[in-house]
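Visitor: next come a sequence and a model predicted from it.
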Amino acid sequence: MISLDPRTKLILMATISFLSIFTEQLWLLGTLFLIGFCLAVLTTGSMVKICRGIIKSLPLLLFFALGLLFFSPLVHVLAVICRFLTIVTIAHIFSNTKGQELMQALLSWKVPYELAFMIMIALHFYPFLLEEAKDIWLAVQLKGIDIKRLKWRERIVIYSSVLLPLIIATMNRAYQLAISMEARGFRVYPQRTFRSSLQMKKLDYCLIVFLAFSGLLTVLLV
Amino acid sequence: MEKNQKSFFARFSILDLVTIALLASLGIASKPLVAPFFNFLSSSFFLPKGALQTGIYMFWLVLSRGIVGKFGAGTLTALVQAVLVMTIGLVGNQGIVSLITYSLPGLAIDLVSSVWGKREFTASCAALSCIAASLTAFSLSSFLVFRLPIPYFLLGLFIAAVSGFVGGLIAYVVLKKVKQIPFAQRF
């Protein structure tokens, strides 16, 4: 497993994703998928995880592919499948990035710290909100409501009765958090300082240079 | 301090920023709950699932825009959701492409609601902005990744518009209920 700087990961993702978007050639899309797959396995250290991610997105892909087959030639459908798989696979390289690293990467690219902080907050609270949503959903089911047997209208009523308490609880949490942040002087100064900073390694530079060259060569050849 | 005052973020209070961040996170967290409803619909009628779901996902952007009530709230919510999806690695996550397919619908919501709902965030404003966002999201996704043929694309566009209309109306109803609660007057 190799450890890359979040900025390198972003550049890798951007290059491979956009190359796959701007090409229609099947051989190139296949090559990009293979490169993406290898990079994803190397950065996450788990081939099973990547394969599982691909398998999970297969139903959506097959659904689209079946629809496309009615209107488009097979080569086009295969190109779409390859493009989708490349984008989904290369997305995995970012999945093991820590929130703090991501924030520092964004700040080093001059992203306003308010936005970076918002992303951090969203990342931090995601598991709690997910848990809360599941709990409220479970509470509805424990009342004996079988959602699968309900009519559409009744389903919408149930969904809205689940959403409202979730939204109110979230707003309450936001209010408390905002007071606490204000009390601690958030935004008093235009810049923030951090205990540690990100450092690019030789491997990061090598990968970026390699990608830049191969990307340029591909654009020139295709 | 001077730089901070001039920035785009200066128009948002800390409460606005935190509310946007948490609503964005809630939008992603509630996906697993909402998705089965649409799986049922799409499998029953063989409709493009993505087009069906867009309107309901855009619901969170409209809601956030309605609660915060400032230009840029929709875009910021969408941007935070895009990075969140990228980092968490949800199923079908489109990586860096999500940055485009998520953020531009947010911008569409901001633009439509600033033109249409200048004075008040009405039901028509919520529905229209959600339709605009759904159409943007579906068009971007089909243009960038799926390259759908015209008939299939038009069918998807129609479904996305209907889904956006429903999502916008639900957002308006929920927003109205939220605003009735005394606690929400602080926002």
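Guide: Okay, I see it. Numbering: from 1, shown residues only, chains lettered A, B, ... in the order given.
Visitor: who's in contact with the most centrally placed residue in chain B?
Guide: What sits nearest the mean C-alpha location of chain B, by C-alpha atoms, centre = their mean, is residue B:58, with 2.6 Å. Taking C-beta atoms under 8 Å, 6 or more residues apart in numbering or on different chains as the contact definition, residue B:58 lies against B:105, B:109, B:130, B:133, B:134, B:137, B:164, B:167, B:168. From N, CA and C alone the C-beta is placed, and that goes for glycine too.
Visitor: do stretch B:150-157 and chain A meet?
Guide: Yes - using C-beta under 8 Å from any C-beta of the partner chain, stretch B:150-157 reaches chain A at B:151, B:152.
Visitor: in that stretch, what counts as buried?
Guide: For stretch B:150-157, a neighbour-count test (16 or more other C-beta atoms under 10 Å in any protein chain shown) marks B:152, B:153, B:156, B:157 as buried.
Visitor: so which of the contacts of residue B:58 is the most crowded?
Guide: Ranked by the number of neighbours (other C-beta atoms under 10 Å in any protein chain shown), the contacts of residue B:58 place residue B:130 first, at 36 neighbours.
Visitor: following the helix or strand of chain B with the lowest mean pLDDT, which helix or strand shows up next?
Guide: Least confident element among the helices and strands of chain B, by mean pLDDT, DSSP states H and E: helix B:2-6 (a mean of 51). Sequence order places helix B:14-29 as the next helix or strand after helix B:2-6, per DSSP states H and E.
Visitor: list phi and psi for residue B:89.
Guide: phi 80, psi 50 (degrees, to the nearest 10).
Visitor: gap between it and chain A?
Guide: Residue B:89 sits 3 Å away from chain A, going by C-beta to the nearest C-beta, to the nearest Å.
Visitor: show me the contacts for the closest residue to that residue other than its chain neighbours.
Guide: Leaving aside its chain neighbours, residue B:89 sits nearest to residue A:95 (3.3 Å; criterion: C-beta to C-beta, 6 or more residues apart in numbering or on different chains). Taking C-beta under 8 Å, 6+ apart as the contact definition, residue A:95 lies against A:44, B:87, B:88, B:89.
Visitor: chain neighbours aside, what residue packs nearest to the most centrally placed residue in chain A?
Guide: In chain A, the residue lying closest to the centroid (C-alpha atoms, centre = their mean) is residue A:91, at 6.3 Å. Of all residues not flanking residue A:91 in the chain, residue B:95 sits nearest, at 3.1 Å (C-beta to C-beta, 6+ apart).
Visitor: helices along chain A, start to end?
Guide: Under the criterion DSSP state H, chain A contains helices at A:6-22, A:26-44, A:47-69, A:74-90, A:99-108, A:113-142, A:152-183, A:202-221.
Visitor: determine which of these shows the lowest mean per-residue pLDDT.
Guide: Per-stretch mean pLDDT for those is lowest at helix A:47-69 (a mean of 80).
Visitor: mind saving the C-alpha coords of stretch A:176-185 as CSV?
Guide: Output in CSV follows, covering the C-alpha atoms of stretch A:176-185 (Å, rounded to 0.1, in the frame of the first residue of the first chain):
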residue,chain,number,x,y,z
GLN,A,176,-25.2,25.0,19.4
LEU,A,177,-22.1,24.5,17.2
ALA,A,178,-22.3,28.0,15.8
ILE,A,179,-22.5,29.5,19.3
SER,A,180,-19.5,27.4,20.4
MET,A,181,-17.5,28.4,17.3
GLU,A,182,-18.3,32.0,17.8
ALA,A,183,-17.3,31.9,21.4
ARG,A,184,-13.9,30.4,20.4
GLY,A,185,-13.2,33.2,18.0
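Visitor: quick one: contacts for residue A:192?
Guide: A:107, A:113.
Visitor: how far away is it from residue B:8?
Guide: The gap separating residue A:192 from residue B:8 is 17 Å, by C-beta to C-beta, to the nearest Å.
Visitor: for burial, what's the neighbour tally of the residue lying closest to residue B:149 once chain neighbours are set aside?
Guide: Among residues not flanking residue B:149 along the chain, residue A:71 sits closest, at 3.7 Å (C-beta to C-beta, 6+ apart). The tally of other residues near residue A:71 (other C-beta under 10 Å) stands at 14.
Visitor: again, but for the one 5 residues further on
Guide: Around residue A:76 there are 16 other residues, counting by other C-beta under 10 Å.
Visitor: surely it is in contact with residue A:65?
Guide: No - when contacts are counted by C-beta atoms under 8 Å, residue A:76 is not listed as touching residue A:65 (10.3 Å).
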